[in-house]
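>>> coords below, sequence missing:
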């Protein structure tokens, strides 16, 4: 998956989470709808956590490379 698609997926997941929260807070959903929304929200949260963890690892890798010297990042 390309970098842009990952960023778009993350942003889309956050927007979808906001929509889910708004729907659930409205009090206008049935119990079954609320459970389905909750389940969908939990899946989105897990996806976002995984993407954030991957981004954190990438930043750590870049930081290590930059500490190894000025030419270490030119190879990418």
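Structure received. What you are looking at is a predicted structure, and each value in this text was computed from that prediction instead of being measured.
>>> element containing the most centrally placed residue in the chain, please.
Compute the mean C-alpha point of the chain, and by CA atoms, centre = their mean the closest residue is residue 48, 2.4 Å away. Using DSSP states H and E, residue 48 sits within helix 31-67.
>>> And the contacts of the lowest-mean-pLDDT helix or strand in the chain?
Sorting the helices and strands of the chain by mean pLDDT, DSSP states H and E puts helix 3-26 at the bottom, at a mean of 88. Contact with helix 3-26 is made by 1, 29, 33-34, 37-38, 40-41, 44-45, 47-48, 51-52, as judged by CB atoms under 8 Å, 6 or more residues apart in numbering. Using the backbone N, CA and C atoms, a C-beta is placed for each residue, glycine as well.
>>> so can I have a markdown table of those residues showing distance to residue 13 and pLDDT?
Below are those laid out as a markdown table (distance: CB to CB, whole Å; pLDDT from 0 to 100):
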| residue | distance to residue 13 | pLDDT |
| --- | --- | --- |
| 1 | 14 | 54 |
| 29 | 20 | 96 |
| 33 | 20 | 97 |
| 34 | 19 | 97 |
| 37 | 14 | 98 |
| 38 | 15 | 98 |
| 40 | 10 | 98 |
| 41 | 10 | 98 |
| 44 | 5 | 97 |
| 45 | 8 | 97 |
| 47 | 6 | 95 |
| 48 | 5 | 95 |
| 51 | 8 | 93 |
| 52 | 11 | 95 |
